[in-house]
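Colleague: take this sequence and fold it.
(one chain, ligands or ions: 2)
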Amino acid sequence: MNPRTLTEPREPATDARLLDALAEIVGQAHVLTDPELIEGYTRDWTGRWIGDAIAVIRPGNTSEVSAVLRACFDAGVPVTPQGGNTGLVGGGIASAGSVVLSTRRLETIESVDPIGRTIAAGAGVTVARADLAASAHGLRFGIDLASKESATLGGIVATNAGGTRMVRYGNTRAQILGIEAVLADGSVLSRWTPLVKDNVGYDIPGLLAGSEGTLAVITKVLMKLVTPATDTQVVLAGVRDVDQALHLCNRVRQSGLTVEAAEIMTDDGISLVCAHTDARRPFGAPSPMYTLIEVSSPRETEESLLEVLSDSADLIEDATVEPGPARKLWTLRESHTESISASSTTPVVKLDISVPLSVMGMFIESLRETLADRFPLVRPILFGHFADGNIHVNLLDAEPRVAHELTDTVFRLVAAHHGSISAEHGIGRAKSPWISLGRTEADIAAMQLIKSSWDPRGILNPGILLPEKV
Ligand code: 2HG
Ligand code: ZN
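Modeller: Ligands and ions are numbered 1, 2, ... in the order given. Predicted coordinates:
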């Protein structure tokens, strides 16, 4: 069977037989078919991606995942792997006739090794739980996301998530040491070694990071842990534009301070957050943009930071400094996503992009001009992890009928500035039509070869990441 035959109508009896077989494997209670029960798995929280599924299957261990995949493989039924369903590009949203394989029950934390500084855990463990387990040993999990209470380890590996600490510790791919995953035919692949130096062959954990459920279902991960920063300080500074923020961040780095996080926000974004939460505006007079930079150093962090700030009057309009964790300052940044959703009259078009730091200012300027000119009714709110070149372009009040053209316009501008159409959220359904803006023909062909050799029947997340034909 080739991938296209998966979309051909199936006999209802085939689905019924499959569901019986799946119930034998995972138990009837973990085969959900009631539309009310499966709704939370078939649509994303932004309301932009609404899918369908014949059932949601909730296996409780690796052997069950293996048997579920084997049965779906034999029946030729597509499978959408799903973690916490916090994704923003529709990568975990199933198409009609598929089965959603939820990994949330794989929630065992097997071990934390405080000497090797690793955590071994099931794919369904949330980022928040992994971080808590690490904290019990004086360590931290290296990835931090606003959605950490629901986002799962399998999900962040499958999307190669970034987050607010990426500037310090790198993305999810950089944290993985070992992985256990089940292939489309049910075979279990385990590359499980805590060695940081181990150059035997292809980097399979690295390949599965960012594969968005198209190559295998991740069941277990072995990830690095990090030493928490002590004596952190957070500055929130009003700046004229992103270039000033970049210069400030550079000065902070040059002074010997370690940058733990570096975020940018606009005055429109801050106003939305203040309107939708009980946060207060940071300064009496507004600035066009605000940067939040968290720093650490072995000693005298505050003194060093204040010295940089007092030498940076040319870059800063106003500034406030608080010792970490500085929750009030962080709330101004972390409440962006929910305030944006609450304020938009239509599902928000979310375009997570990156551009080289040297052209970020120019990119933002031409983005604003182009949007004002071609889409005057759309409200753009920009924010993100600017020191990684990453801007979250959120487009509010965009009529669904213009979403495609709007996306196309933004992505072409990103490509013209040598940027990436996906910085940290993945490609999913939302961006697969534009993958050729980010990869060459030969590169896409190489990815398709990998896909077809790992998943010859094309049952894993069809239509996600790679378009069926390019
Ligand atoms: C964040 O950085 C997330 O808060 C979500 O990546 C970004 O809502 C968004 O566009
Ligand atoms: Zn982000």
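Colleague: what residues does the stretch 1-150 of the chain put near ligand 1?
Modeller: Contacts of the stretch 1-150 of the chain with ligand 1, taken as C-beta under 6 Å from any ligand atom, map to Ala146. From N, CA and C alone the C-beta is placed, and that goes for glycine too.
Colleague: only the buried residues of stretch 199-217, if you could.
Modeller: Within stretch 199-217, the residues that count as buried by 16 or more other C-beta atoms under 10 Å are 204-205, 207-217.
Colleague: actually stretch 70-77, sorry about that
Modeller: For stretch 70-77, the neighbour count (16+ other C-beta under 10 Å) marks 70-73, 75-77 as buried.
Colleague: what about Gly87, which SS state?
Modeller: The assignment at Gly87 comes out as coil when based on DSSP: H, G, I helix; E, B strand; the rest coil.
Colleague: surely it and Gly426 touch.
Modeller: Yes: between Gly87 and Gly426 there is a contact under C-beta atoms under 8 Å: 6.8 Å.
Colleague: so if I had to pick from these two, which one is more boxed in?
Modeller: Shown here are Gly87 and Gly426; by other C-beta atoms under 10 Å, Gly87 has more neighbours (29 against 25).
Colleague: let me know the pLDDT of that one.
Modeller: As predicted, Gly87 sits at a pLDDT of 95.
Colleague: one more: Thr14?
Modeller: Thr14 carries a pLDDT value of 84.
Colleague: gap between the helix or strand containing it and the chain center?
Modeller: Using DSSP states H and E, Thr14 sits in helix 12-26. Offset of helix 12-26 from its chain centre (C-alpha atoms, centre = their mean, to the nearest Å): 33 Å.
Colleague: would you mark the buried spots in that helix?
Modeller: Residues of helix 12-26 classed as buried by neighbour count (16+ other C-beta under 10 Å): 15, 18-19, 21-22, 25-26.
Colleague: need the worst-confidence member of those.
Modeller: For the buried residues of helix 12-26, the weakest pLDDT value sits at Asp15, with 91.
Colleague: right, and that residue touches Gly76 too?
Modeller: No: with contact defined as C-beta under 8 Å, Asp15 does not reach Gly76; the gap is 11.0 Å.
Colleague: wait, doesn't Pro194 sit right on Ile115?
Modeller: No: the criterion here is C-beta under 8 Å, and Pro194 misses it with Ile115 at 10.0 Å.
Colleague: which of these two has more neighbours?
Modeller: Between Pro194 and Ile115, counted using other C-beta under 10 Å, Pro194 has the larger neighbour count: 15 against 7.
Colleague: give me the pLDDT for that one.
Modeller: On pLDDT, Pro194 comes in at 93.
Colleague: ok, it - contacts?
Modeller: Contact analysis of Pro194 by C-beta atoms under 8 Å, 6 or more residues apart in numbering lists 113, 116, 118, 177-178, 222.
Colleague: ok, which stretches of the stretch 101-250 of the chain are strands?
Modeller: Here the stretch 101-250 of the chain has its strands, by DSSP state E, counting those that start in this stretch, at 109-113, 118-122, 140-141, 176-182, 188-191, 217-226, 233-239.
Colleague: and the third one, what other elements does it pack with?
Modeller: When you say that, I think you mean strand 140-141. On a contact count with 3 or more C-beta pairs under 8 Å, 6 or more residues apart in numbering; DSSP states H and E, strand 140-141 meets helix 127-135, strand 217-226.
Colleague: partner strands of that strand and their direction?
Modeller: Within its sheet, and counting by DSSP bridges, strand 140-141 is paired with strand 217-226 (antiparallel).
Colleague: what do you get for the last one?
Modeller: Applying DSSP bridges to the sheet, strand 233-239 is found paired with strand 289-296 (antiparallel), strand 318-323 (antiparallel).
Colleague: now do the first one
Modeller: Strands adjacent to strand 109-113 in the sheet, as given by DSSP bridges, are strand 118-122 (antiparallel).
Colleague: pLDDT weak spots in the stretch 151-300 of the chain?
Modeller: Counting by pLDDT under 70, the stretch 151-300 of the chain has no low-confidence residues at all.
Colleague: that older thread, could the buried residues of stretch 199-217 go into a markdown table alongside distance to ligand 1?
Modeller: Formatted as a markdown table, those follow (distance: C-beta to the nearest ligand atom, whole Å):
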| residue | distance to ligand 1 |
| --- | --- |
| Ile204 | 26 |
| Pro205 | 23 |
| Leu207 | 23 |
| Leu208 | 21 |
| Ala209 | 17 |
| Gly210 | 15 |
| Ser211 | 19 |
| Glu212 | 16 |
| Gly213 | 19 |
| Thr214 | 21 |
| Leu215 | 23 |
| Ala216 | 25 |
| Val217 | 24 |
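Colleague: which residues do Pro194 and Ile115 both contact?
Modeller: By C-beta under 8 Å, 6+ apart, no residue touches both Pro194 and Ile115.
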